[in-house]
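Enquirer: Could you look at this predicted model? Sequence included:
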Amino acid sequence: MLYKFKVTDLEVSRVDNHFITEFSFYLRVKGGCANNSAVKHLKNLGKVMRICVANKWIQLDPFAGLKNKVTKVERAILTERELETLADKVFPIARLQVVKDVFVFCCYTGLSFIDVQQLTSTEISISSDGMAWIKKLRHKTLVASHIPLLPVALEIIERYKYHPVCKNSGMVLPVVSNQK
């Protein structure tokens, strides 16, 4: 708004098709967003505008007739060799070593970031045959999961067993924020 319209705030009634077109352009050109990121921001604004229409704060949906298409992204899958190379890499900065270990742990368990971030030592058990298992409800789906712990994952758990964050919180790994 500041870039194009020279204002820091705008009445919702002034948000029209032209504004949305300019916002889309700004996101892609000045904001440096790729198509899918721009579409995500536009969808979020669209939700707000539909709330405004539903509450009769505005008469027409400025997104009516606009189509934003997400570009299909092919995700690269790490090969076994690439994963082993990463697992063997030692970083001189402790924070980066933890980030790498958490990522590798996710790879070897299939757990999402949030599930590993919330994983407590009480969710790890040893079966009658001596095998270590993670038994937890998944964060997103609330579905019970029983995941065998492979040697690489067990090694990572052991590495952080006495880490101050883990000892004080009961968490298995000292997971840092994934915002950066």
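Expert: Yep, it's here.

Enquirer: Kindly state the pLDDT recorded for the closest residue to Asn35 other than its chain neighbours?
Expert: Excluding the flanking residues, the one nearest Asn35 by CB to CB, 6 or more residues apart in numbering is Thr71, at 4.9 Å. C-beta here means a position set from N, CA and C on the backbone, and glycine is covered the same way. Thr71 is assigned a predicted lDDT (pLDDT) of 92.

Enquirer: Is it correct that Thr71 is in contact with Lys40?
Expert: No: with contact defined as CB atoms under 8 Å, Thr71 does not count as touching Lys40 (11.7 Å).

Enquirer: out of those two, which sits in the more crowded spot?
Expert: Each of Thr71 and Lys40 has its neighbours counted (other CB atoms under 10 Å); Lys40 has more, 14 against 8.

Enquirer: buried residues in the helix or strand that one falls within?
Expert: Per DSSP states H and E: Lys40 is located in helix 35-54. For helix 35-54, a neighbour-count test (16 or more other CB atoms under 10 Å) marks Ala38, Val39, His41, Leu42, Leu45, Gly46, Met49, Cys52, Val53 as buried.

Enquirer: I'd like to know how far the fifth one sits from Lys56.
Expert: The one in question is Leu45. 19 Å (CB to CB, to the nearest Å).
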